[in-house]
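Undergrad: predicted model follows, preceded by the sequence.
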Amino acid sequence: MERAAGGVSYQRFPRVRIRELKDDYAKFELRDTDASMANALRRVMIAEVPTVAIDLVEIEVNSSVLNDEFIAHRLGLIPLTSAAAMAMRFSRDCDACDGDGSCEYCSVEFHLAARATDSDQTLEVTSNDLRSTDPKVCPVDQARAYQHALGGTEPFDTAAAADQRQHPLPCCPIMDIIAKKLGILIVKLRRGQELRLRAIARKGIGKDHAKWSPAATVTFMYEPEIRINEELMETLTLEEKRNLVESSPTKVFNIDPNTQQVVVEDAEAYTYDDEVIKKADAMGKPGLIEINAKEDSFIFTVETTGAITAYELIMNAITVLRQKLDAVRLQDDDADLGELGAHLVGG
Amino acid sequence: MQLHRDPNVLFAGYKLPHPLQYKILVRVHTANQSTPTQAYTQAINDLDKELENLKQAFEDEKIRYEERPKQGY
């Protein structure tokens, strides 16, 4: 049973190429790994990367047309800037408080007070009326308005963004005007109606409630590899070539206007619908076009809600995945192994 | 999947005895050059290293991506 612990490594070295990277959008290629890794990343990005969202709401006054629960639900769905979420504690395992959201390590308090006074117009209460007690955590459009007021930083100038988060600007009227248009509507108030509440935002994950999911969409597709049998293609008339090109529901192929050859215009537009292959078969030319999915090559599209940047989402997903791996490591003196352990030693 | 890359692993699979119970059984059968615990630990270490590597790859690629417009791509 005494064997060297270090076995042979079968580690892979995935390659990455970023095609596009914006604040809340990323498109990249992931190569030299398999579907289990790609899918694990996708699932972790959607359901296990933590963010901060409003979770507890204490309503002081609500004379609006919406009931308390309805408003609490709407507040929960507002994306809050969550760059600090990874370092925060889940309130269920916070020692500093009883998990009731009364400490700075696991919660952020918000206040909202709005009253439609003498105006005849309805008052729109938006996410911009939420006042945070922690400048690091605020509704995403407020954060965007800060950025806008600062003269718009570069999309991936995270150093500036971090600096900004540390030194938030006091509310200025210009910023308020910009923000008013962007805010997320919570409720509309008629003259005389009032809404006053205290809300507590907590760290959570998308698995517990979708409001904590930082991902708007995360998808990946296999990279298609399209091969045209040029020899067979030569036997087709121009009309037949046109029909073949037209048979694909997405614009994958085209005809070169000079050489009149069928060329692959956009391989990634292919939706694995098999239509061109069926068409080739129907034309009596099986094997004219062959399309294979590259099993180790993925094209990812990541969109976030704005709670964290797309880049942060990817990085945090990797971190979370590594934490999960640590959780399933065997302990040296694994008591749970019990009978099995004895069996292994015996064997 | 990582376990399947190890040629000493004859069988690797998992089952969820009950969908409402958070308990998963992993079955690993190895050839006698290895042991299941060894193969399991190795697979986890490899995956961890793969992710560490991936993280680094992302960081490097981000820097490269941001350099790209300056080079007139």
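TA: Cool, got the structure.

Undergrad: please name the nearest non-neighbouring residue to the residue positioned nearest the centre of chain B.
TA: In chain B, the centroid-proximal residue (Cα atoms, centre = their mean) is residue B:47; its distance is 2.8 Å. In this structure, residue B:47 finds its nearest non-sequential neighbour in residue B:2, 5.3 Å apart by Cβ to Cβ, 6 or more residues apart in numbering or on different chains. Every C-beta, even on glycine, is put in place using the N, C-alpha and C of the backbone.

Undergrad: need the contact list for the one you found.
TA: Residue B:2 makes contacts with A:10, A:36, B:43-44, B:46-47, as judged by Cβ atoms under 8 Å, 6 or more residues apart in numbering or on different chains.

Undergrad: any low-confidence regions in the chain?
TA: No chain was given, so I picked chain A. Applying pLDDT under 70 to chain A flags residues A:1-7, A:98-101, A:118-119, A:151-182, A:332-347.

Undergrad: let me rephrase: I mean chain B.
TA: In the predicted model of chain B, residues B:1, B:70-73 satisfy pLDDT under 70.

Undergrad: give me every residue that touches the residue nearest to the centre of chain B.
TA: A:37, A:325, B:2.

Undergrad: same thing but at 10 Å, please
TA: Contact analysis of residue B:47 by Cβ atoms under 10 Å, 6 or more residues apart in numbering or on different chains lists A:10-12, A:36-37, A:40, A:321-322, A:324-325, A:328, B:1-3.

Undergrad: please, which helix or strand holds it?
TA: helix B:36-67 (DSSP states H and E).

Undergrad: buried ones in that helix?
TA: B:36-48, B:50-51, B:54-55, B:57-58, B:61-62, B:65 (16 or more other Cβ atoms under 10 Å in any protein chain shown).

Undergrad: which elements pack onto the longest helix along chain A?
TA: Assignment by DSSP state H gives helix A:310-327 as the longest helix of chain A. Secondary-structure packing of helix A:310-327 (3 or more Cβ pairs under 10 Å, 6 or more residues apart in numbering or on different chains; DSSP states H and E): strand A:15-21, strand A:25-31, helix A:35-47, strand A:215-228, strand A:289-304, helix B:36-67.

Undergrad: paired strands for the second one, with orientation please.
TA: In other words, strand A:25-31. When pairing is defined by DSSP bridges, strand A:25-31 lines up against strand A:15-21 (antiparallel), strand A:289-304 (antiparallel).

Undergrad: pick the most buried one from these.
TA: strand A:289-304 (a mean of 18; mean count of other Cβ atoms under 10 Å in any protein chain shown).

Undergrad: report the contact partners of residue A:304.
TA: Residue A:304 neighbours (Cβ under 10 Å, 6+ apart): A:22-26, A:45, A:49, A:51, A:79, A:82, A:140, A:213-218, A:310-314.

Undergrad: apart from its chain neighbours, what residue comes closest to it?
TA: residue A:24 (4.7 Å).

Undergrad: give me the neighbour count for that neighbour.
TA: For residue A:24, the count of nearby residues is 20 (other Cβ atoms under 10 Å in any protein chain shown).

Undergrad: where's it relative to residue A:52, distance?
TA: The gap separating residue A:24 from residue A:52 is 16 Å, by Cβ to Cβ, to the nearest Å.

Undergrad: now do residue B:60
TA: The separation that residue B:60 has from residue A:52, given Cβ to Cβ, amounts to 29 Å.

Undergrad: picking that back up, and the angle from the helix holding residue B:47 to strand A:15-21?
TA: 40 degrees (axes from the mean of the first three to the mean of the last three Cα atoms, to 10 degrees).

Undergrad: re earlier: including distance to residue A:235, could the helices and strands packed on helix A:310-327 go into TSV?
TA: Formatted as TSV, the helices and strands packed on helix A:310-327 follow (distance: least, Cβ to Cβ, whole Å):
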stretch	distance to residue A:235
strand A:15-21	37
strand A:25-31	35
helix A:35-47	37
strand A:215-228	13
strand A:289-304	13
helix B:36-67	44
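
Undergrad: would you tell me which of those gets closest to residue B:12?
TA: For those, proximity to residue B:12 was assessed by Cβ to Cβ; helix B:36-67 is nearest, at 7.8 Å.

Undergrad: now the angle between helix A:310-327 and the closest one, please.
TA: Using the same axes, to 10 degrees: helix B:36-67 against helix A:310-327 is 170 degrees.

Undergrad: report the angle between helix B:36-67 and helix A:35-47.
TA: Using the same axes, to 10 degrees: helix B:36-67 against helix A:35-47 is 70 degrees.

Undergrad: would you check how far apart the residue lying closest to residue A:286 once chain neighbours are set aside and residue A:267 are?
TA: Counting by Cβ to Cβ, 6+ apart, residue A:286 lies nearest to residue A:280, which is 6.4 Å off, once chain neighbours are set aside. Going from residue A:280 to residue A:267 by Cβ to Cβ gives 17 Å.

Undergrad: any idea how far the residue nearest the centre of chain A is from residue B:62?
TA: In chain A, the centroid-proximal residue (Cα atoms, centre = their mean) is residue A:215; its distance is 2.2 Å. Using Cβ to Cβ, residue A:215 is found at 19 Å from residue B:62.

Undergrad: for residue A:231, same thing?
TA: 44 Å.

Undergrad: ditto for residue A:109
TA: Applying Cβ to Cβ, the value for residue A:109 to residue B:62 is 34 Å.
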